[in-house]
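*Asks:* Can you look at this prediction? I've put the sequence above it.
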Amino acid sequence: MKIKAFAPGKIILFGEHTVVYNKPAIAVAINRGVDVELTSRDDDEVNIHISPINYSQKLVLTGGMLEYEYDSSNKRISDYIYEVINRFKFNHGFNLNVNINMYLGAGLGSSAAVTVAVLKAIMLYTDNDATLDEIASIARDIEIKIQGAASPIDTAMSTYGGIIYIDENSNLNPINFDMQLPLIVSNCEIAGNTGEIVASVRDKYNKHTPIMESIFDAMAKIATDAKMALECGNSMKLAELMNMNQGLLDAIGVNTLELSEMVYQSRKFGSEGSKLTGSGGGGCIIAYAPHDIDEVYLKLSQLYKTFKCEQSNSGVYAKIVEK
Ligand SMILES: Nc1ncnc2c1ncn2[C@@H]1O[C@H](COP(=O)(O)OP(=O)(O)O)[C@@H](O)[C@H]1O
Ligand SMILES: C[C@@](O)(CCOP(=O)(O)O)CC(=O)O
């Protein structure tokens, strides 16, 4: 039997950091993510291969279980896979090929996409009929176990797909709209440390509370206006709001020279809206260029690791491709 599964990655369009303070945010599942191919075996071997990091491991099931002890002090993307496999009992071994078709550890939710895609493939292999809510919940558990803390955004985006407005009460509400959202993602190839950056924003908040509250309120208004701009198909307003959000992310101290250069290069090349995405301090920017995406993409890709994407309306899925 051969199973193929896919789970999308995500970008945060608006509201990174302020979402930690119960302000609204908008996250978008992208049509780039993690592809998994699971092939059944007649013996008890479990072979895991992760592209593009050239990771290969051969293990053996005991009594149908793996119970692989990974090194929890050295968090690797493979840990998420073992954490999924450890939770199931198997009749036979399998080969698992995991292909990460986006950047790893750059704020695009790679660990969530790996966890959700592997979970869905293994559930199909073991005849386990879980709902999407169950998948999102198990994947979040796994993220918390390995990372220590995790917002529900990444695992929700990889599970459900689409575009989600996270409201003041942390409810995840799908946004329905008709427009296309072509985006360019460029990676500065410097890893930001989300925990440290969130802590630095907290320090600034404690030091300058009234100013930071005003900035957060402005960012919250940007996110709610952006939701309306999406619903009305107002692409120019959306772009303008992205640029305003970028300025405020700079004000709270999460922007960097490299990210700023990428943002301004993308605007010089014709992108109408651009901003960092995720925690900042490194990672990626997103550029929105509804009128000339190809030109902006071409020029940015000559300078930086870059891909084009759109929203993924589909979340995780798995199918049997060979009986
Ligand atoms: N080259 C690599 N090889 C193995 N694991 C890696 C590598 N680069 C990053 N990782 C691990 O991948 C995981 C990425 O997870 P996360 O930080 O949630 O990703 P993202 O920033 O995409 O949301 C982290 O546990 C990190 O330690
Ligand atoms: C900064 C923050 O708002 C988003 C972090 O995003 P990412 O993990 O860099 O994709 C933190 C959070 O929401 O947990």
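*Replies:* Done, it's in. Ligands and ions are numbered 1, 2, ... in the order given.

*Asks:* mind listing what residue 175 touches?
*Replies:* 26, 162, 163, 164, 165, 227, 230, 231 (C-beta atoms under 8 Å, 6 or more residues apart in numbering). Quick note: C-beta positions are derived from backbone N, CA and C, even for glycine.

*Asks:* sec struct for residue 318, please.
*Replies:* strand (DSSP: H, G, I helix; E, B strand; the rest coil).

*Asks:* Next one: it from residue 151, what distance?
*Replies:* 25 Å (C-beta to C-beta, to the nearest Å).

*Asks:* between those two, which one's more packed in?
*Replies:* Neighbours per residue, other C-beta atoms under 10 Å: of residue 318 and residue 151, the larger number sits with residue 318, 21 against 17.

*Asks:* Apart from its neighbours in sequence, what residue is nearest that one?
*Replies:* In this structure, residue 318 finds its nearest non-sequential neighbour in residue 5, 3.7 Å apart by C-beta to C-beta, 6 or more residues apart in numbering.

*Asks:* and the one you found, helix, strand or coil?
*Replies:* Here residue 5 is recorded as strand under three-state DSSP.

*Asks:* Identify the bridge partners of it.
*Replies:* Listed by DSSP bridges, the beta-bridge partners for residue 5 are residue 36, residue 318.

*Asks:* what's near enough to touch it?
*Replies:* By C-beta under 8 Å, 6+ apart, the contact set of residue 5 is 35, 36, 38, 117, 118, 120, 121, 124, 316, 317, 318, 319.

*Asks:* my guess is the third one contacts residue 98, does it?
*Replies:* Meaning residue 38. No: counting by C-beta atoms under 8 Å, residue 38 stays clear of residue 98, with 9.5 Å between them.

*Asks:* Compare these two (neighbour count), which wins?
*Replies:* For residue 38 versus residue 98, the count of surrounding residues by other C-beta under 10 Å is larger for residue 98: 25 against 22.

*Asks:* which residues does the more buried one contact?
*Replies:* By C-beta under 8 Å, 6+ apart, the residues touching residue 98 are 34, 35, 36, 48, 49, 50, 51, 81, 114, 117, 118.

*Asks:* Who are the contact partners of the fourth one?
*Replies:* Same thing as residue 48. Neighbouring residues of residue 48 by C-beta under 8 Å, 6+ apart: 55, 56, 57, 58, 59, 78, 81, 95, 96, 98.

*Asks:* ok, so of these, who is nearest residue 279?
*Replies:* Closest approach between the contacts of residue 48 and residue 279, by C-beta to C-beta: residue 78, at 22.8 Å.

*Asks:* And the closest residue to that closest one other than its chain neighbours, how close does it get to residue 80?
*Replies:* Computed as C-beta to C-beta, 6+ apart, the closest residue to residue 78 that is not its neighbour in sequence is residue 55, at 5.8 Å. Distance of residue 55 to residue 80, given as C-beta to C-beta: 12 Å.

*Asks:* Compare the two (neighbour count), which wins?
*Replies:* Between residue 55 and residue 80, counting by other C-beta under 10 Å, residue 80 is the more crowded of the two (27 against 14).

*Asks:* for the more buried one, helix, strand, or coil?
*Replies:* Here residue 80 is helix, with the state taken from three-state DSSP.

*Asks:* Double-check it against residue 119; I have them as touching.
*Replies:* No: Residue 80 lies out of contact with residue 119 (C-beta under 8 Å); the separation is 9.4 Å.

*Asks:* Residue 13 against residue 226, yeah?
*Replies:* Yes: taking C-beta under 8 Å as the definition, residue 13 is a contact partner of residue 226 at 6.9 Å.

*Asks:* which residues do the two both contact?
*Replies:* Joint contacts of residue 13 and residue 226 (C-beta under 8 Å, 6+ apart) are 26, 242.

*Asks:* which one of the two has more residues nearby?
*Replies:* More crowded of residue 13 and residue 226, by other C-beta under 10 Å: residue 13, with 30 against 27.

*Asks:* Report pLDDT for that one.
*Replies:* As predicted, residue 13 sits at a pLDDT of 98.

*Asks:* contact partners of stretch 255-271?
*Replies:* Residues contacting stretch 255-271 (C-beta under 8 Å, 6+ apart): 184, 186, 188, 190, 239, 243, 246, 249-250, 274-276, 280-283, 285, 287-289, 291-292, 295-296, 299-300, 303-304.
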